[in-house]
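**Student:** give me coordinates for this.
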Amino acid sequence: MADDKTKRDYRDRSRINTSEAYEMEYWKKKFDVSGQQLAGAVRAVGSSVKKVAEYLKNK
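**Tutor:** Numbering: from 1, shown residues only. Next comes the predicted model:
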């Protein structure tokens, strides 16, 4: 999800920005986790969507 809403390309789609409420809501629903679980996963492995998905899958 792009942080700069005027840019509609691939740049930020591989990262999770926990500072943006709309991104947190999107990824919480996508991964079916709480905000705390998502934030913890991002702290543990970084903001890469791929790494967060793998981390949450193994948890």
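**Student:** for the rest of this, base every contact and every neighbour count on C-alpha atoms.
**Tutor:** Will do.
**Student:** center of the protein - which residue?
**Tutor:** The residue lying closest to the centre of the chain (CA atoms, centre = their mean) is residue 16, at 3.1 Å.
**Student:** with residue 29 as the reference, measure out to that residue.
**Tutor:** 13 Å (CA to CA, to the nearest Å).
**Student:** on that earlier part again, how much space between the residue nearest to the centre of the chain and residue 35?
**Tutor:** From residue 16 to residue 35 the distance is 12 Å (CA to CA).
**Student:** same check on residue 51?
**Tutor:** 17 Å.
**Student:** next one: residue 28
**Tutor:** On the measure of CA to CA, residue 28 and residue 35 end up 6 Å apart.
**Student:** helices of this protein, start to end?
**Tutor:** 21-31, 35-45, 49-58 (DSSP state H).
**Student:** nearest spatial neighbour of residue 41, skipping sequence neighbours?
**Tutor:** residue 52 (5.8 Å; CA to CA, 6 or more residues apart in numbering).
**Student:** now swap in residue 51 and tell me
**Tutor:** residue 45 (6.3 Å).
**Student:** list the contacts of the one you found.
**Tutor:** 51-52, 55 (CA atoms under 8 Å, 6 or more residues apart in numbering).
**Student:** ok, now residue 19?
**Tutor:** So residue 19 contacts nothing (CA under 8 Å, 6+ apart).
**Student:** give me the phi and psi for it.
**Tutor:** phi -80, psi -10 (degrees, to the nearest 10).
**Student:** tell me how far the least confident helix or strand in the chain by mean pLDDT is from the chain's mean position?
**Tutor:** Least confident helix or strand of the chain, by mean pLDDT, DSSP states H and E, is helix 21-31 with a mean of 93. Taking CA atoms, centre = their mean, to the nearest Å, one finds helix 21-31 lying 7 Å from the centre of the chain it belongs to.
**Student:** does anything pack onto that helix? Which helices or strands?
**Tutor:** helix 35-45 (3 or more CA pairs under 8 Å, 6 or more residues apart in numbering; DSSP states H and E).
**Student:** relative to helix 49-58, how tilted is the helix it packs on?
**Tutor:** 120 degrees (axes from the mean of the first three to the mean of the last three CA atoms, to 10 degrees).
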